[in-house]
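after the sequence you'll find the predicted model.
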Amino acid sequence: MTRYLPLIALFGALLGLTGCATPQPPVPLDQAFWTEKQDRIGVAYNDIPKPTVAMVGQQGLLDIAINQGLASGLRSKVETWDAQALERIPVEITGTLKEQGYQAVQLPKPLHLEALGEAKEKKLGYFAVDASPLKQRYQVDKLVLLSFSNAGTERSYYGMIPTSDPVSRIVVSTYVVDLDDNRLLYYKPIVVSRTAEGEWDESPEFPNLTNAFYQALDATHQELVAPFRNQQLSLSDQ
């Protein structure tokens, strides 16, 4: 059960974003993204999250206080991890699209969705945020958005009892939005997790868990760029 906790948390966050009774399911990349070569594509991302220690599971207030105290050494290390490499992903996506003959441009960073407001009509298959103002503002027809939610480690608990080892992870969703009508041309939420190879609890440096985090960063990079690397790869996923 604990291995599903990251996805449960992710879909819970998506439910809060969409405001729908049913969370938005993944949307395979629409062929229109590739065939409408006359359209300009804007590539953007939100704020890069600072790595942190996440504790999930059934915990009371006292449990949380004790668990946080016991994890203080790990937290001190995790907060030194550098997730800024995630900024290179939209740069690579923009370059990859240009190499294939598309008009792609990276939008000013970062893109704050809360400044755009909610979509007037919320329904499955459409972006929950009204992204249409970006069309006029940046002269783009489609938006590729990388929405990073969390980075760092996650560990599950039952009260004060850990029910898993800490796992390094990155949580991110990719959206492709048609700015004419806010329709989702692509949507994929992912949780990239890596476990420490060997003993994780080697304070104060936690080398194996730290290495797992940077492995997760690299895997995230590869997974996010892959759908845009070439048309054949993307269309085969449909």
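Arrived safely.

residue 224: what secondary structure?
Under the three-state scheme (DSSP: H, G, I helix; E, B strand; the rest coil), residue 224 adopts helix.

how about it: what's its closest non-neighbour residue?
Spatially, and ignoring its direct neighbours in sequence, residue 224 is nearest to residue 89 (5.2 Å; CB to CB, 6 or more residues apart in numbering). Bear in mind the C-beta positions are built from the backbone N, C-alpha and C, glycine included.

and for residue 229?
residue 96 (5.8 Å).

so in the protein, which strand runs the longest?
strand 142-158 (DSSP state E).

from the centroid of this structure, which residue is nearest?
Nearest to the geometric centre of the chain sits residue 172, at 0.8 Å (CA atoms, centre = their mean).

and the residue nearest to residue 229, helix, strand or coil?
Reducing the assignment at residue 96 to three states with three-state DSSP gives helix.

look up how far residue 67 lies from it.
Summarising the geometry, the distance separating residue 96 from residue 67, computed by CB to CB, to the nearest Å, is 42 Å.

let me see the contact set for residue 37.
By CB atoms under 8 Å, 6 or more residues apart in numbering, the residues touching residue 37 are 101-103.

now the helices for this protein?
Under the criterion DSSP state H, helices of the chain are mapped to 5-18, 32-35, 61-70, 72-78, 88-99, 133-138, 207-225, 231-236.

let me see the mean pLDDT of the fourth one.
This points to helix 72-78. Helix 72-78 comes out with an average pLDDT of 97.

go through that helix and flag the buried ones.
Across helix 72-78, burial judged by 16 or more other CB atoms under 10 Å covers 74, 77-78.
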